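Asks: sequence and predicted structure below; questions after.
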6 protein chains.
Amino acid sequence: MNDKLTHFDNEGRAIMVDVGGKPVSERVAIAAGEVRMQPATLRRILDRSIEKGDVFGIARTAGIMAAKQTSGLIPLCHPLLLTSVGLEFDSHPDEGRVEIRATVKVGGQTGVEMEALTAVSVAGLTIYDMSKAIDRGMVIGRVRLIEKHGGKSGSWVREED
Amino acid sequence: MNDKLTHFDNEGRAIMVDVGGKPVSERVAIAAGEVRMQPATLRRILDRSIEKGDVFGIARTAGIMAAKQTSGLIPLCHPLLLTSVGLEFDSHPDEGRVEIRATVKVGGQTGVEMEALTAVSVAGLTIYDMSKAIDRGMVIGRVRLIEKHGGKSGSWVREED
Amino acid sequence: MNDKLTHFDNEGRAIMVDVGGKPVSERVAIAAGEVRMQPATLRRILDRSIEKGDVFGIARTAGIMAAKQTSGLIPLCHPLLLTSVGLEFDSHPDEGRVEIRATVKVGGQTGVEMEALTAVSVAGLTIYDMSKAIDRGMVIGRVRLIEKHGGKSGSWVREED
Amino acid sequence: MNDKLTHFDNEGRAIMVDVGGKPVSERVAIAAGEVRMQPATLRRILDRSIEKGDVFGIARTAGIMAAKQTSGLIPLCHPLLLTSVGLEFDSHPDEGRVEIRATVKVGGQTGVEMEALTAVSVAGLTIYDMSKAIDRGMVIGRVRLIEKHGGKSGSWVREED
Amino acid sequence: MNDKLTHFDNEGRAIMVDVGGKPVSERVAIAAGEVRMQPATLRRILDRSIEKGDVFGIARTAGIMAAKQTSGLIPLCHPLLLTSVGLEFDSHPDEGRVEIRATVKVGGQTGVEMEALTAVSVAGLTIYDMSKAIDRGMVIGRVRLIEKHGGKSGSWVREED
Amino acid sequence: MNDKLTHFDNEGRAIMVDVGGKPVSERVAIAAGEVRMQPATLRRILDRSIEKGDVFGIARTAGIMAAKQTSGLIPLCHPLLLTSVGLEFDSHPDEGRVEIRATVKVGGQTGVEMEALTAVSVAGLTIYDMSKAIDRGMVIGRVRLIEKHGGKSGSWVREED
């Protein structure tokens, strides 16, 4: 693994690093995170979903749209033509915990880790926003890269403990 | 505290809830979060800052700009004219941990919790982006509201354990 | 009703007209439109909704978010702090027709007709996008203001035939 | 033609579908729509154009800019590097009707129908905005795809009655 | 006039400064700038305008839209509800020089100098973009504040030499 | 060099010109500009940088982010996947002058002159914004293309006098 912070040039100035010499390759990134809340809050979200409201549906839409805005949010992130974005939500009602997982793909000169992490973050923020009237104490946590594939550095898979 | 999910109307349809009847009041929200990384990564960030590069400076700018984009990212969030946004970074090199704290203010009809949480999240994502070449395993976590003041529901302060 | 095109100054140059002298008042606008499609397409959308997918849910989210972007899309439209946005979809399966209705509110110096019309248009485009693989011939039509209230010109209600 | 709603995965969750396996090809889409108004309103627009103001010029600019924002407005729409966007306006003063037609091109993995339809819609909304002070009753209608070419599904041409 | 850089807090960290304590007042800013080009280029622009094309019309639209995006472009700039934006172009064909002047108004807690300067800059960039195929050597210059009124610091008028 | 304004079609209507037939090639553009201010202002900026605040660091971030937004600001500009953006600031304290220089690269069907010029302009506006409390008279000037390479028209290098 590289041992310098590549977002700075030789004189320490921030740059959007030149990826022009890299070949276009298929790239995938999977990121995950979680929202922790009162179990009663999660039951309310799930009940509501069973009726008509759909917190996870709106959070999924927000996460997909955010993935497409990543290079506008993260200063040194390259614009990319995402070819696929998907989000999954996995509820653990007894723990009051929702797992969020985003998978992003692109054919491009740089990876989509930031897009996947941004999708997870914004989906988590949306769940918070829609539920905060009943539970202000919710915590968004463990936002992390799970795996990535493609590009010169090849595959990386998190070793979870 | 309210016991219904206010982002749905009586038939369960998502709405941007009507805040038109609420009085304008001064509101403040403080949110926090952290990025965990290898201690060596944080030392690299801090060394670089001491020279010329400035990961935290860029993350602060990204967080401030993201706070202003919140209503464009979070579907049911109201647009607001933020009057103040600030971010602080507190480094714990031995633990490889950076605490991020955002304070947002507004005079408006609804609170700025989402703006503060969005600023923290995007600042954390920016730190990840700028350091990921040397440490892909970083984790953004504990993104949470610390306190809020103003509005009908008044003050709320997290009881941290 | 005014008899000049107020978006031009005395020399015919486009301007974003000065609303600074107008009082702030509560304003509401309701707009509507429709998407016409094969009855079989609408049945597919409705079946899918009954299962898990939710075309109207995503179109509602898109419409709400678009309402907030209106002043970025329509060149001479003023930015406004919308206080409420809601969308309803009313399906007529035998006709293959979906009615879309958006209600937008603000306390401001100018009205929200454009925000309501933009919400309807983008919701219609989203329905088209999500269904076009099975029915390219869909038509978005009758996008129009239904009523508006507030402001110096007061109330206006469409007389539908 | 496909018989499933491709914007949902096998479990009914919305996704931005994977177009990564599709070849890049030249694609064109032409969409059209119309704005109906009082004949006197259209005469005012046309007279103004003959002087200096230019409703259609501003609507054309708005439509071109909106085409570039399509993937930010329509949740499951892929970002694309549009290579060409053009809009035409065809006035029928006796009927009080303006036809809008947009042509969009790209070399990409997915089509530009949504971009052409969005350009037409936003151009129509801009005409409405600039003329609403003299005619609130205008209707934007018949927004539809006229033809598309390129991609695996090849050409599609609307059969108008 | 203030003698410290107000965009930094006491520890030198960038902040979006707190304007919450300032009263809302009517504010106006006028900015100007110029584009210098070959006289033949300006004649081409003017001839084209006399026919149908309209470089200044499109640059005016771009400048108005950019004024509304200012707080998204300039990191520490406050969002504001602009109440009026106008741009004028004054051609000096013999010198190959176009003067651009923007006037922006708001009722708010902070001024609109940046909005007026941004409108001028983007209008100049648009003129460059539309004419660069015939004259790459054009120069955008003298972008400056001409006058401002309102707010605690009151009026400021440039003394031009 | 071309002798027609390519942003209009044969009937004088603005279009985003078709670049679909152009080959993808590596393209570079370098633009420059300057901000003129009181020498005391520049000393204040430089002192502040030596402490902790960093006007040029924030202006660099703003310029990089603006380069990525160029096609959203300039109406007829094509979207592009920038592969590299960098900005340099060169201070001349005795003259009270800061030179800004931006270098932008892409592999694409059209050039990046506008992206480089936009980066310089927004960096200059950011310097103005952050220093205006102590010097309203600053002037942003001489924004111009320095050189470009790649594409059918090949290299162009400004002959400075």
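Replies: Structure's in. What do you need?

Asks: from now on I want contacts and neighbour counts done on CA atoms only, so please keep to that.
Replies: OK.

Asks: excluding its backbone neighbours, what's nearest residue A:100?
Replies: residue A:89 (4.8 Å; CA to CA, 6 or more residues apart in numbering or on different chains).

Asks: that neighbour touches residue A:98, doesn't it?
Replies: Yes. Judged on CA atoms under 8 Å, residue A:89 makes contact with residue A:98 at a distance of 6.5 Å.

Asks: pLDDT on stretch A:140-160, on average?
Replies: Averaged over stretch A:140-160, pLDDT sits at 94.

Asks: is chain D within reach of it?
Replies: No. Counting by CA under 8 Å from any CA of the partner chain, no contacts exist between stretch A:140-160 and chain D, the nearest distance being 13.3 Å.

Asks: now do the end-to-end distance for that stretch.
Replies: End-to-end span of stretch A:140-160 (CA to CA, to the nearest Å): 18 Å.

Asks: cool, stretch A:72-86 as well?
Replies: 20 Å.

Asks: kindly report the same for stretch A:108-119.
Replies: End-to-end for stretch A:108-119, by CA to CA: 19 Å.

Asks: equivalent analysis for stretch A:127-136, please.
Replies: The first-to-last residue distance of stretch A:127-136 comes to 11 Å (CA to CA).

Asks: same deal with stretch A:46-65?
Replies: End to end - CA to CA - stretch A:46-65 spans 23 Å.

Asks: helices and strands of chain A: which one bottoms out on pLDDT?
Replies: Least confident element among the helices and strands of chain A, by mean pLDDT, DSSP states H and E: helix A:39-51 (a mean of 81).

Asks: hmm, the helix or strand just after that helix in reach of chain F?
Replies: For helix A:39-51, the following helix or strand on the C-terminal side (DSSP states H and E) is helix A:55-73. Yes. Residues of helix A:55-73 are located near chain F by CA under 8 Å from any CA, namely A:71-72.

Asks: does chain E sit close to helix A:55-73?
Replies: No. On the criterion CA under 8 Å from any CA, helix A:55-73 is out of touch with chain E, staying 9.9 Å away.

Asks: what about that helix, near chain B?
Replies: Yes. Looking at helix A:55-73 against chain B by CA under 8 Å from any CA, the contacts come from A:58, A:62, A:65-66, A:73.

Asks: what pLDDT, on average, does that helix get?
Replies: 97.

Asks: and that helix, what does it pack onto?
Replies: Applying 3 or more CA pairs under 8 Å, 6 or more residues apart in numbering or on different chains; DSSP states H and E, we find helix A:55-73 packed against strand A:84-92, helix A:113-131, helix B:55-68, helix B:70-73, helix C:55-73, helix D:55-73, helix F:55-73.

Asks: correct me if wrong, but residue A:107 is in a strand.
Replies: Yes. Residue A:107: assigned to a strand according to DSSP: H, G, I helix; E, B strand; the rest coil.

Asks: give me the nearest residue to it, chain neighbours excluded.
Replies: Ranked by CA to CA, 6+ apart and with sequence neighbours excluded, the top spatial neighbour of residue A:107 is residue A:26, at 4.4 Å.

Asks: so that neighbour makes contact with residue A:150?
Replies: Yes. Applying CA under 8 Å as the test, residue A:26 and residue A:150 come out as touching, 5.8 Å apart.

Asks: of those two, which one has the most company?
Replies: residue A:150 (22 against 18; other CA atoms under 10 Å in any protein chain shown).

Asks: and the residue nearest to that one when sequence neighbours are not counted, how far is that from residue A:108?
Replies: With CA to CA, 6+ apart as the criterion, residue A:150 has its nearest non-adjacent residue at 4.5 Å, and that residue is residue A:27. As judged by CA to CA, residue A:27 and residue A:108 stand 7 Å apart.
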